[in-house]
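Novice: Turn this into a structure:
(one chain, ligands or ions: 1)
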Amino acid sequence: MEHLRSLVLNSTYEPLQFTSARRALILYLLGKAEALEFDGFQFRTCSTSYRLPTVIKLRRYIRRPYSAIVSFSKKNVLRRDGHTCQYCGKTGGEMTIDHVIPRSREGKSTWENVVTACRDCNLEKGDRPLHMAGMRLLRDPQKPKTLINTISTVNAPDSHIKSWTKYLNHYR
Ligand SMILES: [Zn+2]
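Specialist: Numbers count the residues shown, from 1 in each chain. Presented below is the predicted three-dimensional model:
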């Protein structure tokens, strides 16, 4: 279970971070968190076994540290988009940043106008606005309310990712 991760939500359901499944289980057993999702993974001791929660919600509200305020940067745009091309849905490989309204047409570098794009889509779109390129976005880009490092989701069991997605997408 050492490699397993669990998603931690604030008492408001806002995603805060990923933590080890072991720590999530401890927070749950101590009554500091509520377990919202399980998916069949267990932690066994000699005498007993526990279901590992894949999502926990803290009972008390945690004020997010100042550093958690999301600044606009290429790295954070990639994180917001889960390192997924917002045109074709491809994940992994080298990703670029695309201005939906091109800079040549006064498009700004803002959360609402910048998305993650794979090289092929970026090249195909070129300097054209969406309707002229005949391309569509998977979702409207927005300023994220929270930004947790979704790299933790790489190599996680599918059942874990499934249980995380609804909580993560809700806050995107
Ligand atoms: Zn693409």
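
Novice: list the contacts for the residue lying farthest from the centre of the chain?
Specialist: Here the centre of the chain is the reference, and by CA atoms, centre = their mean the most remote residue is residue 47, at 36.4 Å. Contacts for residue 47 (CB atoms under 8 Å, 6 or more residues apart in numbering) come out as none. C-beta here means a position set from N, CA and C on the backbone, and glycine is covered the same way.

Novice: quick one: it and the ion, what's the gap?
Specialist: Separation of residue 47 from the ion (CB to the ion, to the nearest Å) stands at 52 Å.

Novice: Could you look up the SS state of that residue?
Specialist: Three-state call for residue 47 (DSSP: H, G, I helix; E, B strand; the rest coil): coil.

Novice: How about the one 5 residues further on?
Specialist: Secondary structure of residue 52, reduced to three states by three-state DSSP: strand.

Novice: residues contacting it?
Specialist: 1, 4, 6, 21, 24-25, 38, 41-43.

Novice: Which PyMOL command selects the buried ones in the residues you listed?
Specialist: Provided next is the PyMOL selection string for whichever of the contacts of residue 52 are buried by 16 or more other CB atoms under 10 Å:
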select buried, resi 4+6+21+24+25+41
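
Novice: and which of the contacts of residue 52 is nearest to residue 58?
Specialist: Residue 58 lies nearest to residue 24 out of the contacts of residue 52, by CB to CB, at 10.6 Å.

Novice: quick one: the closest one is in a helix?
Specialist: Yes. The assignment for residue 24 is a helix, going by three-state DSSP.
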